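**Q** show me the folded form of this:
(one chain, ligands or ions: 1)
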Amino acid sequence: MQKHERTSAAMANTSSLVIEQLTLKRQQQVLLSLNETIAGGDILTVMGPSGSGKSTLLNWLTGMLPKGFSASGDIYLNEKKITDIASHQRQIGLLYQDPLLFPHLTVAGNISFAMPAEAKAQRKATISQALSQVGLAGLEQRCPQSLSGGQQARVALLRVLLSQPKAILLDEPFSKLDSQLRQETRQLVFEQIRQHKLPAIMVTHDQSDADAAQGKIISLFSVD
Ligand SMILES: Nc1ncnc2c1ncn2[C@@H]1O[C@H](COP(=O)(O)OP(=O)(O)OP(=O)(O)O)[C@@H](O)[C@H]1O
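**A** Have a look, this model is predicted:
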């Protein structure tokens, strides 16, 4: 992709995530090749059989490619090349199938963990407001273990969103939720992605997740 195309994609939307001429290899074997531009608020769905490289793609995007893998290609986030930037400076949020909340911290403590520095009173107000917006008003001081699976998923979502990421990656984020909860949580997550105009990539095995995302779907192929 040419530079001017990246620029026009970013100008038409407030944010964008560009994967430019990626070739991912395990040892010498090509696992996948990809060129994608994801505009703010759009969700790119990645599907494919086990072992086709879905998690490896997310690992590359977050700068955590395991030993034995190599990659050529670049990542641009809002026009800035981040390919060689350290993982913790990339401003990419990650949502997994497990909420991965810290059991020794309260709900508020979990959410504030990755928030940028701001005055304590302001931080408290921001968290309370965010909790209300996702139907969890007043649960600041609860411990994560006392919450239902759906409530934990919403806390995990807020922890990611309030860290102010510039893009978000979803790794089978709804697969542990039962059908009703899956739909509700999915709707909430997608709403928030669109509201915040974040470019997003979702890995899933579930066609209903892909349909609900209403974006482009790519299928990877097994190389084994
Ligand atoms: N840490 C690792 N070390 C060596 N090989 C790995 C490692 N992680 C994954 N692989 C291999 O790399 C290939 C891609 O794996 P990857 O986990 O990206 O696939 P996936 O599509 O995410 O699979 P799944 O749907 O099962 O999560 C597979 O052949 C896998 O066995």
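**Q** drop to CA atoms for contacts and neighbour counts, all remaining ones
**A** Noted.
**Q** near the ligand, which residues of the chain are found?
**A** Applying CA under 6 Å from any ligand atom, we find that the chain lies next to the ligand at 49, 50, 51, 52, 53, 54, 55, 56, 66.
**Q** and the residues you listed, which are buried?
**A** Using 16 or more other CA atoms under 10 Å as the burial test, the residues of the chain next to the ligand include 52, 53, 54, 55, 56 as buried.
**Q** adding secondary structure, write the residues of the chain next to the ligand out as JSON lines.
**A** Formatted as JSON lines, the residues of the chain next to the ligand follow (DSSP: H, G, I helix; E, B strand; the rest coil):
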{"residue": "49", "secondary structure": "coil"}
{"residue": "50", "secondary structure": "coil"}
{"residue": "51", "secondary structure": "coil"}
{"residue": "52", "secondary structure": "coil"}
{"residue": "53", "secondary structure": "coil"}
{"residue": "54", "secondary structure": "helix"}
{"residue": "55", "secondary structure": "helix"}
{"residue": "56", "secondary structure": "helix"}
{"residue": "66", "secondary structure": "coil"}
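**Q** tell me which two in those are the farthest apart.
**A** Within these, 49 and 66 form the most distant pair, 19.7 Å apart (CA to CA).
**Q** which strand or helix spans the most centrally placed residue in the chain?
**A** Centre of the chain computed as the mean C-alpha position; nearest residue by CA atoms, centre = their mean is residue 169, 2.0 Å away. For residue 169, the element it lies in under DSSP states H and E is strand 167-171.
**Q** tell me the mean pLDDT over stretch 120-129?
**A** On average, the pLDDT along stretch 120-129 is 90.
**Q** residues making contact with that stretch?
**A** By CA atoms under 8 Å, 6 or more residues apart in numbering, the residues outside stretch 120-129 that reach it are 108, 111, 112, 137, 138, 140.
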